[in-house]
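S.K.: Provided below are the primary sequence and the corresponding predicted coordinates.
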Amino acid sequence: MFELRKVLEEIQVPLSYFIEKLSLKEEEVFILMDSNDSEAQMELYFQFITAVNDDDLLPRLVEFFTNYVEEKSELVVFITNILKFRSNNSPRRMINSVERLVSLADDMDVIRKGKHSLKIFYFVVCIETLYSLADIEMNSKSMIIIDFFNTYIEEADAQFIIDNFRRSLGDDRYKFNETVGGYKQTNNDRWNTEINMEIFARVINELRNIFAHEGDYWGFHFTDSDTAMLNTITVAENQMEVKLKRDGKLNGLRRVYEVKLTYEQFKAICVRGFLNFINTYFKSISSWIVNIKLDNIYEGIFLASMGVRYPKVP
């Protein structure tokens, strides 16, 4: 049987410090300690351990994310609220996952310097992790990546990507009088080198697949100067081309992109998108929990008016 009072005495933690870290009232703690509820005492102890660990975790997370936001004070409040949120640990797991996986992507330079597909792999893993923790299901993993880049990338960042990630005129798309991907290019779009965020997301997902399924991690590079990098990749840019590629009809699907985007710029854009995703999810579950409690309160008031006892809302 777990006895909270005995454990605190053995590890020499003053009761006043324990109460302070959990922001509880002294009488509440004494009532719990005097009860026979071993599970509740253990849960409170685990909350205490988490709160103590947060003393080191908070500054580490703030230091990591500071470079990607404008208002540090808002960032501190945001991360603090997530770490203190006890009703659902998914936001905490999300923000920890972003820090760990992006750091892991950076560490790839130690293993294979300049091999950007290795780094991209962990960014895609991070997107999939966030959606999994949020219990968001879609028809395919590629749809998850597309949804992230379409929904959570800030407008200015999305425009920056579109301006700095374009098709090259060496692309199969621009072969004169050729049918590309099973359809003829019209005069209006034949020389248009601009892509959109869905195409960018499909490229990122394809680079992940090429590494994961073919072991190729050297075929794609962001730029590291003012000069654009030319990257060649066979990728389906839309659903019709997905079917062609699945059927092995690769003629016309060779894409050539001029990339003026650096890895650091790509990383910063994604991290801001990750924060937007976590913020959206955190607001949704916070609102849901508040609404549930309010509904319980209103129901309790109604039942009380009818002379029915109703359990206290926690």
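M.R.: Ah, there it is.
S.K.: residue 31: neighbour count?
M.R.: By other Cβ atoms under 10 Å, the residues close to residue 31 number 11. Where you see a C-beta, it was placed from the backbone N, CA and C, and this is true even at glycine.
S.K.: wait, what's in contact with it?
M.R.: By Cβ atoms under 8 Å, 6 or more residues apart in numbering, the contact set of residue 31 is empty.
S.K.: need phi/psi at it.
M.R.: Main-chain torsions, residue 31, degrees, to the nearest 10: phi -60, psi -40.
S.K.: CA atoms of whichever helix or strand residue 125 is part of as CSV?
M.R.: Residue 125 belongs to helix 116-133 when assigned by DSSP states H and E. Only the C-alpha atoms of helix 116-133 are listed here, as CSV (Å, rounded to 0.1, in the frame of the first residue of the first chain):
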residue,chain,number,x,y,z
HIS,A,116,18.9,16.7,-45.9
SER,A,117,16.6,13.8,-46.7
LEU,A,118,17.7,12.3,-43.3
LYS,A,119,16.5,15.4,-41.6
ILE,A,120,13.2,15.7,-43.5
PHE,A,121,12.4,12.1,-42.4
TYR,A,122,12.2,13.2,-38.8
PHE,A,123,10.1,16.3,-39.6
VAL,A,124,7.5,13.9,-41.3
VAL,A,125,7.7,11.6,-38.2
CYS,A,126,7.0,14.7,-36.1
ILE,A,127,3.9,15.6,-38.1
GLU,A,128,2.6,12.0,-37.9
THR,A,129,3.3,12.0,-34.2
LEU,A,130,1.3,15.2,-33.6
TYR,A,131,-1.7,13.9,-35.6
SER,A,132,-1.5,10.5,-33.7
LEU,A,133,-1.5,12.2,-30.3
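S.K.: elements contacting that helix?
M.R.: Applying 3 or more Cβ pairs under 8 Å, 6 or more residues apart in numbering; DSSP states H and E, one finds that helix 116-133 contacts helix 90-111, helix 141-151, helix 197-214, helix 263-305.
S.K.: ok now the second one, how far from the chain's centre?
M.R.: To tie it back to what came earlier, the one meant is helix 141-151. How far helix 141-151 lies from its chain's middle: 11 Å, per Cα atoms, centre = their mean, to the nearest Å.
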